[in-house]
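# from the sequence below, what's the structure:
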Amino acid sequence: MIAAIGLALGVVLGLLFQPDIPLALEPYVPIAVVAALDAVFGGLRAHLDGIFDDKVFVVSFVSNVILAAMIVFVGDKLGVTELATGVVVVLGIRIFSNAAAIRRHLFHA
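Numbering: from 1, shown residues only. Predicted coordinates:
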């Protein structure tokens, strides 16, 4: 319940204040969002499997975002912009894998 309230509050505050993202950070925001979604779907899957641990979720959430941003940053510095695409593909595969497990759990199919 607290998480849902926090999410709703965050969305409302974001819509009200409309924060500006510094130009230097713009390439990393989509990657951070995809990494965060991966952690959220993994946490939901763990919850449905009965093995959810809030400490593991927080560490996974933060480390996914930081690691994905670091990979993209290093790729930018090396001139290999395809690393961002690679990160999105890998995290996308994990998101769809977790979504499939969640669907199987909820619909028994």
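
# low-confidence ranges in this protein?
1, 3 (pLDDT under 70).

# give me the most central residue, it.
With distances taken as CA atoms, centre = their mean, the residue of the chain nearest its centroid is A36 (1.5 Å).

# what's the closest non-adjacent residue to that residue?
In space, and not counting its chain neighbours, A36 is closest to V65: 5.7 Å by CB to CB, 6 or more residues apart in numbering. In short, each C-beta sits where N, CA and C put it, glycine included.

# just the helices in the chain please.
Using DSSP state H, the helices of the chain run over 2-17, 29-49, 54-78, 82-107.

# return the set of buried residues in stretch 94-109.
By 16 or more other CB atoms under 10 Å, the buried positions in stretch 94-109 come out as R94, I95, N98, A101, I102.

# and the spatially closest residue to the first one that is not a sequence neighbour, how many neighbours does it have?
Pointing back at R94 there. Of all residues beyond its chain neighbours, the one nearest R94 is D38 (5.1 Å), with distances taken as CB to CB, 6+ apart. Neighbours of D38 under the rule other CB atoms under 10 Å: 23.
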